[in-house]
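J.: this is a predicted model, with the sequence first.
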Amino acid sequence: MNHGFQLIKEKEIKELETVARLYIHKKTGARLLSLSNNDENKVFGITFRTPPSDSTGVPHILEHSVLCGSRKYPVKEPFVELLKGSMSTFLNAFTYPDKTCYPVASQNIKDFYNLIDVYLDAVFFPKLSRYTFMQEGWHYELESLDSPLTINGIVYSEMKGVYSSADIMLDEYSLRSLFPDTIYKYDSGGDPKEIPNLTYEDFLKFHRRFYHPSNSFIWFYGDDDPEQRLIFIDEYLKEFEKKDIESAIPSQPILNEHRKITKPFMAESSSSKGMITVNWLFPDIHDQKLRLSFMILEHILIGMPGSPLRKALIESGLGEDIAGVGLEREIRHMFFSTGLKGVDVNNMPKVEELIFEVLNQLVKDGIDKDTIDAAINTIEFRLRENNTGRFPRGLSLMLRALTFWIYEADPISVLMFDKQLTQIKEELSSKDFSFEQMIKTYFLENLHRTTVMLKPDPELKKREEMEERKRLDEIKSKMSVSELKKIIQDVQELRKIQQTPDSPSAIAKIPILTLKYVK
């Protein structure tokens, strides 16, 4: 029996010694991918497409907020309480530029389903009080009527830290530069200047719109009973009706132009050095063979100490270390980003020139066969071993599947690699395919390219602090006395809530793993 689900596809993945079954929930349209194998480290995850329409950080704030108490578990921090009596091997949540993931893992079957229950109640039935929004997102603070107005909040403070990191912002600007026409031009994590524009009402609307089974992608992996998975999930989903949700992630039109973007970053002095990346957007790719080819090509170019592009950049003396994310493959389009940090501002054009010099030389002279073989062997070994260390293997596979799944492509195909790797090797031997041709097509002839330069500005931090102070002073000057008193009262109430312990009866609702279920 499929317990409210319709089986869409069943496939044995020999490489993973796994049987994969892809389902659609009949009543709500929720998608479920169930992987059955002998791995006792079981993984569950529920993901929602959460495309932002601005940089207020609402996906990030919601990721924090849904974990602050729910219908069945009305405590302030249910997961802190849950961990006191859990054997979980993973418990976290991730905000991506276009999706939000809630994965858990455990080797204990009872614990596993306890975790799933708390997570499902959290995402579908969170409390989301105004004080949760204030705490996790942002709020004004005022100690007295005469005090300066300030802003506080967990995500707001976190993103202030992010925006002061030149390394992080270089990658962020590189991503945005390639996507001027899609959701990726926004910061789903939140721009501190934009976060205070998010209202509590819009925060609630975002949850109502996107946190619905019809917009969900549910993952199971491990040695638990595959039928029990469907039974358990259906108990939650059957409370909902199917809903049309516009959450599809659009493709970025390919642009035939090279763009240069210069941004300042907070530096200690004007003598500080800058950073540069050169970035290429690749087509909207849901072809596993081409994806694997790009993974191998990335390893050829920058993945090894002797890789030609990495070696040339490091040994050039133009910078201190490699910059850029390399091959980004977790969003709608893959792209490639590389460069240097610790670069004299006057030498930035030389970095770009060097990158193209190396790429042109590789096309002209060819890539060393030993380098290609080493890259193929490394990628193949990683895929076969799937050695993720302490990170659950099932979670690594879930994140890989999502790179196809949420864009309406086959999530099972991206987990299979034997056939595609064999084809790549055969085509290389027969000269029907070459990495030199890939470089020519996707790098040298690809005009959808950006150059992002970060230049040191020792006055930037002071200037932004002054601008923020001026902005907050203006906001305060336009508030009435009653509005100012309301801010003071709200902050006092928030602190009171934070300091008040949860009731014993609320804590008792959190499922605790007893000795009876511990093997």
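T.: The structure has been received and is ready for your questions.
J.: from here on, contacts and neighbour counts on C-alpha atoms
T.: Fine.
J.: which element is Glu10 on?
T.: strand 5-13 (DSSP states H and E).
J.: the helices in the stretch 151-300 of the chain, which residues?
T.: 154-163, 166-178, 200-210, 226-237, 288-298 (DSSP state H, counting those that start in this stretch).
J.: identify whichever of these lies nearest to Gly85.
T.: helix 226-237 (21.4 Å; Cα to Cα).
J.: tell me the buried residues in the closest one?
T.: For helix 226-237, a neighbour-count test (16 or more other Cα atoms under 10 Å) marks 226, 229-230, 233-234, 237 as buried.
J.: now swap in stretch 455-467 and tell me
T.: Result for stretch 455-467 [16+ other Cα under 10 Å]: buried residues 455-458, 460.
J.: contact partners of the strand holding Glu10?
T.: 18-26, 230, 412, 415-416 (Cα atoms under 8 Å, 6 or more residues apart in numbering).
J.: swap in stretch 198-212?
T.: With contact meaning Cα under 8 Å, 6+ apart, stretch 198-212 is reached by 48-50, 56, 58, 62, 123-124, 128, 130, 133, 243, 245, 247.
J.: now, which of those lie within strands?
T.: 48-49 (DSSP state E).
J.: export the contacts of stretch 198-212 as TSV, with columns for pLDDT and distance to Lys99.
T.: Compiled in TSV, the contacts of stretch 198-212 are given as follows (pLDDT from 0 to 100; distance: Cα to Cα, whole Å):
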residue	pLDDT	distance to Lys99
Phe48	98	6
Arg49	98	4
Thr50	98	5
Thr56	98	15
Val58	98	12
Leu62	98	12
Val123	97	14
Phe124	97	16
Leu128	96	19
Arg130	97	24
Phe133	98	20
Lys243	95	18
Ile245	96	14
Ser247	96	10
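J.: for the contacts of stretch 198-212, pick the one with the most neighbours.
T.: The most crowded member of the contacts of stretch 198-212, judged by other Cα atoms under 10 Å, is Val58 (29 neighbours).
J.: what's across from the residue nearest to Leu91 when sequence neighbours are not counted in the sheet?
T.: The spatially closest residue to Leu91, leaving aside those adjacent along the chain, is Val104, at 4.7 Å (Cα to Cα, 6 or more residues apart in numbering). With DSSP bridges as the criterion, Val104 is bridged to Phe44, Leu91.
J.: with Ala20 instead?
T.: Lys11, Leu35.
J.: for the stretch 51-200 of the chain, give me the ranges with low pLDDT.
T.: Counting by pLDDT under 70, the stretch 51-200 of the chain contains no low-confidence residues.
J.: who's in contact with the closest residue to Lys42 other than its chain neighbours?
T.: Leaving out its chain neighbours, the residue that sits closest to Lys42 by Cα to Cα, 6+ apart is Gly222, at 4.4 Å. Gly222 makes contact with 35-43, 394, according to Cα under 8 Å, 6+ apart.
J.: can I get those residues in a markdown table including distance to Met159?
T.: Compiled in a markdown table, these are given as follows (distance: Cα to Cα, whole Å):
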| residue | distance to Met159 |
| --- | --- |
| Leu35 | 36 |
| Ser36 | 39 |
| Asn37 | 40 |
| Asn38 | 41 |
| Asp39 | 37 |
| Glu40 | 37 |
| Asn41 | 33 |
| Lys42 | 33 |
| Val43 | 29 |
| Gly394 | 30 |
